[in-house]
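> Got a predicted model here, sequence first, then my questions.
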Amino acid sequence: MTDWSRRAAAGIAFVLLLAIPAAAQTGQPAAAVKAPVVSDTGSLGGPRQPIFFRHDIHAGEYKIPCQYCHFSVAIASEPGIPSVQTCFGCHLMVGGSTPAHEAEIQKVRDAWSNETPPAWVRVHTLPAFVHFPHMRHIKALGANACTTCHGNVREMPQVRQVSTLTMGWCVSCHVQKQVTRDCSVCHY
Amino acid sequence: MSEGMNRRRFLSVLGVTGGGAAALGACGVGSEPAQKLIPYLIQPEDQVPGTATLFATTCRECPAGCGLHAKTREGRVIKLEGNRESPINHGRLCARGQAALEGVYNPDRVTTPLARTAQGTLEPISWDNALQRLGDHVKEARGKGIAFVTGHEAGVFGELVDEWTRGVGGRHVAYEPFAFEALREGNRLAFGIPAVPWYGIAGASYILSFGADFLDTWLSPVEYQRAFSRAHSFDASRGEAEAMAKFVFVGPRMSLTGMNADEWIPAAPGTEGLLALAMAEVIVRERLGASVDVGPVRDLLGRHTPDAVAGAVGIDAEAIARLAREFAKAGRGIALAGGIPAHYPNGAEIVAAVNILNYVVGAVGKTVQFGPNSSVDMASSFKEMVDLVADMQAGKVALLLVQGANPGHSLSSFMQAWSKVGFKVCFATMLDETASAADLVLPDLHPLEQWNDARPRAGVFALQQPVMQRVWPDARQAGDVLLALAGKSDTFKDYLQSHWRAAHARAGHAKSFDDVWNEALQHGGVYTDAGSQSVRLAPTAGHIMAGAPAAPAFDGNTGDPVLVAFPSAALYDGRGADKPWLQELPDPVSKIAWHAWVEVHPETAHKWGVVDGDYVLLTSPFGAVRAPVSVTPGIRPDVVAVPTGQGHTALGRYAKGRSFNAFDLLSGAANGYGGRTFAVRVAVTRTRDHRFLASSAGDPRDVGPGEEIIRVLPLARAQQLKPGDHPFLQREAPEYAEPALEGWAEEQRKKANLGDYAGPHPRWAMAIDLSSCTGCSACVTACYAENNIATVGEDLFVRHRQMSWMRIERYWRGGEGGEPVRGVVTPMLCQHCEQAPCEPVCPVYAAYHTPDGLNAQVYNRCVGTRYCANNCAYKVRYFNWYNFAEVGGEHEAWPAPLDWQLNPDVTVREKGVMEKCTFCVQRIRGAQHKARLENRVVHDGDITPACAQSCPSEAIVFGDLHNETSRVAQLAADPRGYHVLQELNTKSGITYLARVVHGEEA
């Protein structure tokens, strides 16, 4: 089996997995969300990314659970950025329904074949002296708690920062939920 | 590491983990984190972002072969810890082992093949070109002499070199500057076996060391330190007779090992063997020992009675007899020989004499076991190296290959013969003295990037695997190059596996090879017990010490002091000098960092009119060096001592041009037993030069030598203590302060019920047993590694600006009016006071108390007033005077790729910020996260700070004081427990347990 065909087989396996309705896997509300056609990308919030990856299509319309790609959010402090293999797993088969989509998906396929991962522009940033454990927040608030800080990414054609991520903003929630406000929980 | 991972994907890790990776960059408090997120192409299965992955491998920093757990984050190794499964080090690791990290990330590594040009410079060439040249020279040199010099290799790479050199008609010399020849020869003389046995120090009740520095550099220091602590640390639960072994050290200089002795006997240099024989004579004459056949040595012992040797040794006969009786009556005694005495011209005879002592007392077969022999005897003797040098000089070597050894530093005659060799090739990670003079330099992989194995002792098969993708993609393992040169398509990993496969087949193992191999990778190797072998005295034993009882003749003018060169505890033979952690680690005895020194007794110094820091010119028949004086009571007045390890003329920015090279004073000729003599008489001339010693002794931070700081109890008193006794408890405050204190306490109680502080919390605390602590300083380096502590360099060190959160303070006691001198040590770190003086003085609440009892320091809040450091009674707060993370800055501590070693869980501090020990709060939070995910509470033992993890003597225990069943709570209630400066009412979180010594005085 060649390397390429092995990867292709893996991709097919991913697609089969996806064939099970995502909503059935997570119990997310099955409200029909139709991602809009975006013609004016200039008016979208957030930084422009090397690939116009549509969270609203993937997480919204197709209801792919956040943790399918951000795989370590419930077990580690870092949420995990999907590897190109994860993208290609589906996009080996899924080629896009419009010329605009096809062009973007082609970039993923090129990234895979050129072995050059895209350099995503970072949207959510904390200073280096802050340690934010994602898993503790998922554990406390549940698997769908991403929106609490990141906003309704399911409806965002391009991800933008909706919360300030300042310390006051963190602490206000900690006060409200009556959980620790000790400095050394995050700063060390 | 996953097979399919290439360098590009490895590098793409750079930005992938957001906040974690941001700390890897050059950003401290307030700097900008990474702005790009670059994902993997394929996520490695064994990695979870933000979570450490451990790989089991083997340490190659010395021949001991300790097991390692390499902690990797996002594909980079960030910390080395001991492998708990290893029967050698049982999870512990010394400073040198931990500093291997700075070898793999050293900014001065060789990154590409280099060849010497017609102009005499080394210029980069391609691998194809390099292999072509090497292949041509091998062909040309066949039959004209080919030699391959490696370091100590007790594994498959050594076998490959043997095989290769046999194939091309060459020879293999495994060169170690300290090759323990005297041990092998001494054992041959005494028992007819030229092997180095296993020493069961842990089970001994009386330890007698004739110079063997088993806590610093002798054979397997981590293993023996752990064993020593088990035997020698006070444990009342073992019963009165067994509470604590006695340790007596014989040697001209008080080394780290000597400093831990209950009694130090500074016998005249070279007479240690006479002392051993006289003790054996007493034991045999008074029938105190085992019923063994002493026939072969009866005459020898008859000539060496205490009365006959007392004059030469310099100890009265009665004291010798007392020692002999104590030793024999202890039941399970052990006598060890090594270190300086084993490097005298009569070193082998000294070892043989000590063996005879072991034999007559019945230790052989019990505490000294032949069978699980050490593999240090795989190193060639010094004589083989001298023979090679002679052949080089005679033009009989046409091609010389060097890997893993640096004779250019330790053997000047080697470099004198160097130019007579047709073509010189070095496989090197660093351009050391040897490699920088080579015709062809091939970039080798660091042991942490290599496949290999090691057999530290019979029965232990330790495996070495790459723990990360190679740092420099153009480096190749020497084994791979040799196989390619031999026209094989196999990699060295294949070669290694084929050897393991063959061994697996021979052993007739029930499991498949793949299972055995994978398990070995997981556990760090295959560990079996080698059976022990019974030995008896050989006829040669009776013929040692044929001459009259006298000290050996040392080279040099009679009347001059004897200079002994000893391996540095941090830099060893010089291989550690390129690592800033080790350079900045104060020597455990002299407390000097960044340069070498000459130890002189106070009386001698007075006679010569020199003080600390005065330069003297030391001239031996073989060379001369200028050395700054360090006055120390731990040395005989007629002896001076210098450490090896410094004085490099190459080896990168941290090593080059520092101080002097002690090897320059030594003879390049092999002595009678084929070893090297590390003692020589030197003429000492005062010079007018002076320098400030970069020493942490006498640091203004030192808490002080007072008896109430470092408590020492005589054994008899310690044994009288009962649970509930608190001999050191004293009034915390004078009477007139009581009302104020009560008011203060009331306020504290009120505050303790506010907000986060209400409700039950742990109280993190530590217990340090000074009866176990030896002062080896492994914890210091562990702290540097775990907490991203900057090394400040020599100039700032001289100004006492080192940032060592964990420091070991060493004080001399006694020595006045003929009373014995004794070194005492104490680790000093933030005491996490319950009523901390630093907290109320911080104007911005950067220093504050956490609900779980930590004295926290919030870096991003700190504005650098330094009031806290001024008010700290223990002086354990350290200020960032410069931006040590600034790329290209004057004080840059982590020039790339050294910054890859930084722990992403810990903030890199910036200029103007105060920092200090945090009790490894990142580990506390990590354990709390883990427990919460598993829906449980944190158990005792879940959290181990880096210092406690590394400590080879298991002296440090950490835990929750509020949990009454925790080990730390039990130790805090120990009668030996006390707090340093408790009269200040700081209620410190660290309980020290008093040191216990045999003898009268404390």
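It's in.
> B:A847 pairs with what?
Per DSSP bridges, the residues bridged to B:A847 are B:Q857.
> residues in contact with it?
B:A836, B:C838, B:E839, B:V841, B:N855, B:A856, B:Q857, B:V858, B:C862, B:C868, B:M914 (C-beta atoms under 8 Å, 6 or more residues apart in numbering or on different chains). For the C-beta atoms, the positions are set from N, CA and C on the backbone; glycine is no exception.
> Which residue is the nearest non-sequential neighbour of the first one?
Computed as C-beta to C-beta, 6 or more residues apart in numbering or on different chains, the closest residue to B:A836 that is not its neighbour in sequence is B:N855, at 4.8 Å.
> ranges for the strands of the stretch 751-900 of chain B?
B:764-769, B:807-814, B:821-828, B:847-849, B:855-857, B:878-879 (DSSP state E, counting those that start in this stretch).
> closest one to B:A352 among the ones you listed?
strand B:821-828 (30.0 Å; C-beta to C-beta).
> Please tell me how far whatever residue of chain A ends up closest to chain B sits from A:A111.
In chain A, the residue that lies nearest chain B is A:E78 (3.4 Å; C-beta to the nearest C-beta). The spacing between A:E78 and A:A111, counted by C-beta to C-beta, to the nearest Å, is 21 Å.
> can you list the weak-confidence ranges in chain A?
Across chain A, residues meeting the criterion (pLDDT under 70) sit at A:1-32.
> can you give me the end-to-end distance of stretch A:48-64?
Using C-alpha to C-alpha, to the nearest Å, one end of stretch A:48-64 lies 22 Å from the other.
> ditto for stretch B:455-464
11 Å.
> that older thread, and the contacts of B:A847, which is closest to B:N753?
B:E839 (18.3 Å).
> Spatially nearest residue to that closest one, not counting backbone neighbours?
B:A847 (5.1 Å).
> and if you look at B:C783?
Nearest to B:C783 is B:M806, by C-beta to C-beta, 6+ apart, at 4.2 Å.
> quick one, strands of the stretch 401-550 of chain B?
Counting by DSSP E, counting those that start in this stretch, the strands of the stretch 401-550 of chain B are B:423-428, B:440-443, B:452-454, B:460-464, B:525-527.
> Just want to know which of A:E78 and A:A111 has more residues nearby.
For A:E78 versus A:A111, neighbours defined as other C-beta atoms under 10 Å in any protein chain shown are more numerous around A:E78 (25 against 20).
> shouldn't B:M244 be in contact with B:S233?
Yes. Taking contacts as C-beta atoms under 8 Å, B:M244 lies within contact range of B:S233: 7.0 Å.
> And the residue in chain B that chain A sits nearest to, how far from B:R925?
Chain A sits closest to B:G50 of chain B, with a gap of 3.4 Å, by C-beta to the nearest C-beta. B:G50 is 12 Å from B:R925, where distance means C-beta to C-beta.
> Have a look at these two and say which one is more surrounded.
Under the criterion of other C-beta under 10 Å, the comparison of B:G50 against B:R925 puts B:G50 first, with 27 against 20.
> Please report how far the more buried one lies from B:G408.
44 Å.
> What of B:L582?
20 Å.
> Looking only at neighbour counts, state which of these two leads.
B:L582 (29 against 23).
> Report the contact partners of the more buried one.
B:A95, B:R96, B:A99, B:E102, B:A570, B:L571, B:G576, B:T781.
> How far does stretch B:721-740 stretch from one end to the other?
Using C-alpha to C-alpha, the two ends of stretch B:721-740 sit 34 Å apart.
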